[in-house]
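**Student:** Model the following, please.
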Amino acid sequence: PLLLVLVEGVNRTPHVPVPAEPAALRGLAGPALVLPSGGGREFHVMLWSTDGFPRLVNGLASFTPASQQRIRAASATFPDAASVAYLRAAGVRTVVLLPGYAAGTPWRDAAARPVDGLGIRRETVGDGIVYHLD
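**Tutor:** As a prediction, the model looks like this:
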């Protein structure tokens, strides 16, 4: 019986590889929003957030809370004056854009949008762009 228990414990199930945490998320200071937001990518963001547990407005459950839907809608034009003002009012201080995942989303061209006059700072970190709203 002991041999059967040991053999049963050998894991031969193939696993889907998890994408590596983007450099832009390492040491992230929250509250933060990771874009693009929504869909299955939220699972990766939630997993990556276990590195330091920054406060995030991202997440995924069986339903989308109204507050999260409002943040997603308001951030669809990020970075612009209206989205920056909304995110600041919601308490978000950092936005991370992952352009490699943005194709087909409202954020597909966000990296090229100007930030002049918005009172924010943008920096490229690895394959992402970090926007500091404070």
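**Student:** Quick test: name the residue nearest the centre of this protein.
**Tutor:** Val34 (2.5 Å; C-alpha atoms, centre = their mean).
**Student:** Where do the helices of this protein begin and end?
**Tutor:** 2-8, 41-48, 66-74, 81-89 (DSSP state H).
**Student:** Which among these is found nearest to Gly128?
**Tutor:** helix 41-48 (11.0 Å; C-beta to C-beta). C-beta: built from backbone N, CA, C; applies to glycine.
**Student:** In the protein, where is pLDDT below threshold?
**Tutor:** Judged against pLDDT under 70, the chain has no low-scoring part.
**Student:** Surely the residue nearest to the centre of the chain touches Val45?
**Tutor:** Yes: with contact defined as C-beta atoms under 8 Å, Val34 and Val45 form a contacting pair (4.8 Å).
**Student:** what do the two both touch?
**Tutor:** Contact criterion C-beta atoms under 8 Å, 6 or more residues apart in numbering; residues shared by Val34 and Val45: 56, 58.
**Student:** Tell me which residues touch His96, please.
**Tutor:** Careful, residue 96 is Val; it's not His. Taking C-beta under 8 Å, 6+ apart, one finds 22, 24-25, 28, 32-35, 128-131 in contact with Val96.
**Student:** again, 10 Å this time
**Tutor:** By C-beta atoms under 10 Å, 6 or more residues apart in numbering, Val96 lies in contact with 22, 24-25, 28, 32-35, 45, 48, 54, 56, 58, 125, 128-131.
**Student:** ChimeraX command for the buried members of these?
**Tutor:** To isolate the buried ones among those in ChimeraX, judged by 16 or more other C-beta atoms under 10 Å, type:
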select :22,24,25,28,32,33,34,35,45,48,54,56,58,128,129,130,131
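**Student:** ok, now how distant is Ala110 from Ala23?
**Tutor:** In this structure, Ala110 and Ala23 are 18 Å apart, going by C-beta to C-beta, to the nearest Å.
**Student:** if we can go back for a sec, right, and the helices of the chain - which one's nearest Gly117?
**Tutor:** helix 81-89 (7.7 Å).
**Student:** Which elements pack onto the closest one?
**Tutor:** Other helices and strands packing on helix 81-89, by 3 or more C-beta pairs under 10 Å, 6 or more residues apart in numbering; DSSP states H and E, are strand 32-35, helix 66-74, strand 94-97.
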